[in-house]
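Asker: Quick one: sequence and predicted model below, then my questions.
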Amino acid sequence: MTDLFQEPEDATPLEAEEREQLRQSWITNRGDLNIAEEENIIAGAAWARGRRSRDPAGMLTADFVIMLHKRMFGDVWKWAGTYRTTARNVGVDAYRIGPDVAQLLSDVSYWVGNGTYPPDEIAVRFHHRLVAIHPFPNGNGRHSRLMADLLIERLGGISFTWGGGRLADTSELRRRYIVALRAADNHDMGPLLAFARS
């Protein structure tokens, strides 16, 4: 199990008690974990896309945010679909997660209902704020990117390419993504919008 919990430098590390909640005993290294999570994420995306409602309002609820995370990671982690309770190197304080997610969902509903931004920008702003909140112990980037994809699809657009590759596979691609997120932190959405469609 030498590299099982070795995260990229800019990733969110798991707490010891969170690492102990791995569901699959066959997972013994990072490669196994990546395979298990990827299969679970594919199933979670299929679940979300198979839902009857195509109305954005149906996904802009805290219940949906939580259930999607559980569907994406619940076969691998016992904590899937549960807001984190500990501090992280990124994200809001744990006690703020519920209120901040609720405020974000209210804001996005307003943006959609009032055409505040073009659809791509609404979805990318949604992704940025959700990943900045960092509500779960892990998987926040993958979860928030899928949430943005689902939203843009429900707004009549096509899902994003997010750099055209797997962020876990390419350090250069991940670096570009982090740079774009940091620009958005400073109120410059241009790089993240460009990255989402590159």
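Answerer: Everything's here; your move.

Asker: low-confidence ranges in this protein?
Answerer: 1-12, 169-170 (pLDDT under 70).

Asker: can we see that at 90?
Answerer: Within the chain, the segments meeting pLDDT under 90 span 1-21, 24-25, 27-34, 51-54, 88-89, 165-171.

Asker: buried set for the helix of greatest length in it?
Answerer: Using DSSP state H, we find that the single longest helix of the chain is helix 30-49. For helix 30-49, a neighbour-count test (16 or more other C-beta atoms under 10 Å) marks Arg30, Leu33, Ala36, Glu37, Asn40, Ile41, Gly44, Ala45, Ala48 as buried. No exception for glycine: its C-beta is placed from N, CA and C like everyone else's.

Asker: next one: stretch 36-44 to chain centre, how far?
Answerer: How far stretch 36-44 lies from its chain's middle: 13 Å, per C-alpha atoms, centre = their mean, to the nearest Å.

Asker: right, I mislabeled it, should have said stretch 159-179
Answerer: Taking mean C-alpha positions (C-alpha atoms, centre = their mean), stretch 159-179 and its chain are 13 Å apart.

Asker: And for that stretch, what's in contact with it?
Answerer: 8, 10, 34, 123-124, 141, 145, 148-149, 152-153, 191, 195-198 (C-beta atoms under 8 Å, 6 or more residues apart in numbering).

Asker: Swap in 6 Å and give it another go.
Answerer: Asp10, Arg145, Asp149, Glu153, Phe195, Ala196, Ser198 (C-beta atoms under 6 Å, 6 or more residues apart in numbering).

Asker: ditto for stretch 135-149
Answerer: Applying C-beta under 6 Å, 6+ apart, the set of residues contacting stretch 135-149 is 14, 18, 45, 69, 73, 79, 83-84, 97, 101, 123, 126-127, 130-131, 134, 159-160, 162.

Asker: Which parts of this protein are helices?
Answerer: 16-19, 30-49, 62-73, 97-114, 119-133, 140-154, 171-185, 190-196.

Asker: Present those helices as TSV; the columns should include distance to Arg88.
Answerer: Converted to TSV, the helices of the chain look like this (distance: least, C-beta to C-beta, whole Å):
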stretch	distance to Arg88
helix 16-19	11
helix 30-49	18
helix 62-73	15
helix 97-114	11
helix 119-133	11
helix 140-154	9
helix 171-185	15
helix 190-196	21
